[in-house]
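Asks: Here's my sequence, what's the structure:
(one chain, ligands or ions: 1)
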Amino acid sequence: MLSGWRRRNGIDTEGGKRGGREFKSSNTMPVARPKPSDDRVIAHVDMDCFYVQVEQRKQPTLRGHPTAVVQYNSWKGGGLIAVGYEARKYGVKRSMRGDEAKKVCPDIQLVQVPVARGKADLGVYRNAGSEVVSILSRKGRCERASIDEVYLDLTEAAETMLAENPPERLEAISEEALKSHVLGLHLGGASTRDCVRAWFRMSDADHRDKLLACGAIIVAELRHEVLKETEFTCSAGIAHNKMLAKLASGMNKPAQQTVVPLSSVEKLLESLPIKKMKQLGGKLGTSLQVDLGVNTVGDLLRFSEEKLQECYGINTGTWLWNISRGICGEEVEGRLLPKSHGSGKTFRGPQALKTVSSVQKWLNELCEELSERLLCDLEQNKRIAHTLTLHASAYKLNDSESLKKFPSKSCPLRYGIAKIQEDALKLFHAGLREYIGIYHVRSKECQHEWAITGLSVSASKIVGIPSGTHSIMKYFHNLNQTSMTTSNDICTKDAAFLSPSGLHLADPQIDTYEDEARTGREMPTLYPVADETEVCKDPLSSRKYANNLDPIFFRTKEQRDGLTEDIRLSCSGSENGLVSEPTQSKMDFLGPGLKSEKQKKKFEKEKGNSSILRFFHSPDAYSFPEHACLKTFQESGASSSGNLLQENKQPTAGTTCSLGRNDAWSYKRDEIDPTVLNELPPEIQAEVRGWLHPQKRAKTVKKGSSIVHYFLSKADL
Ligand code: DCP
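Replies: Numbers count the residues shown, from 1 in each chain. Model prediction:
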């Protein structure tokens, strides 16, 4: 009998491949044979009980008290998602409900996760994570791996230190560094601290060990800086590759660091339970146990690479062969920003969604959040996402096969809340059709055939926009045209094929990656749940095991924002007024006048920072109001080119001009920040300037270069 993983991934009992093709699975590791990597210095830094520390920093009175952070739902005191170390001493665990935690630790302080749009709002944690990342990235290449985890490549810094200021020549080694745990160090009667000092100062040590010693000193310094500047403690692992560093960072917590010299690797892996290894906590790990009798990583050494490939495919087989020897060629990616954004929510037990309208309501909320985060990303980092993906978990009512997975669906991402919402709903319908069958979708009874227990939307394939606003404009122009072609006939595809490695899950970055990785934290259920108790029992293990199970766990927090949406004054600001207060948006300078002194001041302050992005920020500024815009331009004669033009009927100075939606597009000419025009392409600048100042208006504007043409796709002209 095959275990689930092998059966699902097309491996037969003899270990061959079914169907004549190599399987692709969520557990296929994207591995080429790694280059020898034992001269690198890699650190993995992990914040200690991260959400708790963030809450304690917000409320310093919580410091020193047993504290835990609970999910916002009130059932049995809410689900614990982070437990402080003081509370852990009493036996409080993340798998507990608040009420249970109170029983074992009556003094425990339970802090609620902030809530927005009916779901957890992790913005405060995300921002705190960014603070830490900005400090940790000071000494080398830094990869933000999740909301509270970072990989650092400190090879260069360690080499420089070794060349210029090696540990044996240091007058003093910091206390923090001396507290390091160095695996495999023989104490020989001396105190640990003395042994560590001796290890650091060993001038005749192996070059690779010396590099690690330098790395450990650097990491201790960085951790100290994090503490000083943010008040957060973190733990770290220092090794020659990412896998070993990650393994080590969890070995001694909180506020400690562990070093893995090359000579200690074999021993470390020999007895390491297979399921403790990253990527092996789920079905693949189970398959190794059940099918191959592998219980520790060291047990894998019994199998040849060919055998492992035969059992699990080329990539996974090679990856397994490598990890059993402590080999990992994965580079630390220089990436401080998320690879994707996502927003998701679980609907447990009776909260499961059973109608399309309830799904749509929640999708709208999730898309709004996603859109908002995409807008922040665009504005702050000049990045744009290309792919929208919908993940859902569901079960079929009265169906013994209800474990069937709801297919994830993707399509090109169109900016704008409404577009994202519209596309997400289409993706949902596409998934539903596949999930329950077209016949059932059409039948009237389908309303009660399925239930959705988790929904998430995510935005991926995020790339930087080439510098220069002209490029930005071009970028969006092209994007818009693409959108136009797909909007009516959304082309969905399985999310699984988004990544070059076949599946999102196949990418080891995904499960550790930043916010999205923690997506699962909002959706800790994998499978249909009839019993809420069951679901809530172990959010941690659900999340961790989910890494190998269900894509929905990886992507809860992505999002896209909308250039067309109304935005808040601050991306990280309050949740209010996303759509209700267009006049408070950064587009005030295009809005119907400044309402108050405060607003005026803000406008003055922001004037110099004016950006074309503000233009897009206005409600429906980009994607939607094409026709409205066209109409009003025509009416006002604003454009001088093409058949859209009429004679000069430009508004006179000081009058209000409507560019479409009166509430958001009216403006007083004098209130327009001229710097925004500089960001438009030259030919458009000329046109707009002419339109604002008729007397200076350019006489000729190339046909087809009007602002209307600029913003509209050909299809609309
Ligand atoms: N988290 C969550 N839901 C989960 C698990 C975690 O929302 N099921 C959040 C809260 C955690 C943060 O992610 O504080 C980081 O998770 P970790 O697994 O790194 O655990 P902690 O940082 O809380 O503790 P540790 O010190 O053991 O790393």
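Asks: what are the ranges of the helices in the stretch 351-500 of the chain?
Replies: For the stretch 351-500 of the chain, the helices defined by DSSP state H, counting those that start in this stretch cover 356-381, 417-436, 438-442, 469-487.
Asks: how close does Gly91 get to Thr67?
Replies: 15 Å (CB to CB, to the nearest Å). Yep, even glycine has a C-beta here, placed from its N, CA and C like the rest.
Asks: and the residue in the stretch 351-500 of the chain positioned nearest to the ligand, how far is that from Gln279?
Replies: Nearest residue of the stretch 351-500 of the chain to the ligand (CB to the nearest ligand atom) works out as Gly454 at 13.6 Å. Distance of Gly454 to Gln279, given as CB to CB: 22 Å.
Asks: higher neighbour count, those two?
Replies: Each of Gly454 and Gln279 has its neighbours counted (other CB atoms under 10 Å); Gly454 has more, 30 against 22.
Asks: hang on, the earlier thing: my guess is the residue of the stretch 351-500 of the chain closest to the ligand contacts Phe347, does it?
Replies: Yes: using CB atoms under 8 Å, Gly454 makes contact with Phe347 at a distance of 6.7 Å.
Asks: out of Gly91 and Thr67, which sits in the busier spot?
Replies: Using other CB under 10 Å, the more surrounded residue of Gly91 and Thr67 is Thr67, with 27 against 11.
Asks: How about the contacts made by the more buried one?
Replies: Val52, Glu55, Gln56, Gly84, Glu86, Ala87, Ile108, Gln109, Leu110, Val111 (CB atoms under 8 Å, 6 or more residues apart in numbering).
Asks: Just the pLDDT at the residue nearest to the last one when sequence neighbours are not counted, thanks.
Replies: For Val111, ignoring the flanking residues on the chain, the nearest one in space by CB to CB, 6 or more residues apart in numbering is Glu55 at 4.5 Å. As predicted, Glu55 sits at a pLDDT of 97.
Asks: Same question for Cys367.
Replies: 97.
Asks: Same check on Ser400?
Replies: pLDDT, read off for Ser400, is 60.
Asks: List the buried residues of stretch 64-75.
Replies: By 16 or more other CB atoms under 10 Å, the buried positions in stretch 64-75 come out as Pro66, Thr67, Ala68, Val69, Val70, Gln71, Asn73, Trp75.
Asks: now stretch 179-189
Replies: Neighbour-count burial for stretch 179-189 flags Ser180, His181, Val182, Leu183, Leu185 (criterion: 16+ other CB under 10 Å).
Asks: swap in stretch 95-103?
Replies: Of all the residues in stretch 95-103, those buried under the rule 16+ other CB under 10 Å are Ser95, Met96, Arg97, Gly98, Ala101, Lys102.
Asks: Count the residues that sit near the nearest residue to the third one once chain neighbours are set aside.
Replies: Spatially, and ignoring its direct neighbours in sequence, Arg97 is nearest to Lys76 (3.9 Å; CB to CB, 6+ apart). Neighbourhood size, Lys76 [other CB under 10 Å]: 14.
Asks: repeat for Pro60
Replies: 9.
Asks: pLDDT wise, what is it at?
Replies: At Pro60, pLDDT is 96.
Asks: Return the backbone torsion pair for it.
Replies: Main-chain torsions, Pro60, degrees, to the nearest 10: phi -60, psi -20.
Asks: ok, now how distant is it from the ligand?
Replies: 18 Å (CB to the nearest ligand atom, to the nearest Å).
Asks: With Leu244 instead?
Replies: Leu244 sits 18 Å away from the ligand, going by CB to the nearest ligand atom.
Asks: Likewise for Lys278?
Replies: 12 Å.
Asks: helix/strand/coil for that residue?
Replies: coil (DSSP: H, G, I helix; E, B strand; the rest coil).
Asks: same check, this time on the one 10 residues further on
Replies: Taking three-state DSSP as the rule, one finds Leu288 in the helix state.
Asks: residues in contact with it?
Replies: Contacts of Leu288 were listed using CB under 8 Å, 6+ apart, and they are Ile274, Leu280, Val294, Leu300, Leu320.
Asks: Recalculate using a threshold of 10 Å.
Replies: 3, 5-6, 274-275, 277, 280, 294-295, 297, 299-300, 303, 308, 311-312, 320 (CB atoms under 10 Å, 6 or more residues apart in numbering).
Asks: Kindly report the same for Leu300.
Replies: Counting by CB under 10 Å, 6+ apart, Leu300 has contacts 269, 274, 277, 280, 288, 292, 294, 308, 320-325.
Asks: How about His44?
Replies: Contacts here follow CB under 10 Å, 6+ apart; on that basis His44 touches 143, 145, 149-152, 219, 235-239, 241-250, 257-258, 332, 512.
Asks: I figured Ser371 was touching Glu422, is that so?
Replies: No: using CB atoms under 10 Å, Ser371 makes no contact with Glu422, being 11.9 Å away.
Asks: Settle it for me: which of the two has more neighbours?
Replies: The residue with more neighbours, out of Ser371 and Glu422, is Ser371; 30 against 17, by other CB under 10 Å.
Asks: what's the distance between that one and Ser408?
Replies: Ser371 sits 19 Å away from Ser408, going by CB to CB.
Asks: still on that earlier bit, give me the element the residue nearest to Val111 is part of.
Replies: Taking DSSP states H and E as the criterion, the element that holds Glu55 is helix 50-58.
Asks: anything in the helix or strand following that helix near the ligand?
Replies: Of the helices and strands lying after helix 50-58 in sequence (DSSP H and E), the nearest is strand 67-70. No: against the ligand, strand 67-70 shows no contacts by CB under 6 Å from any ligand atom, the least distance being 6.5 Å.
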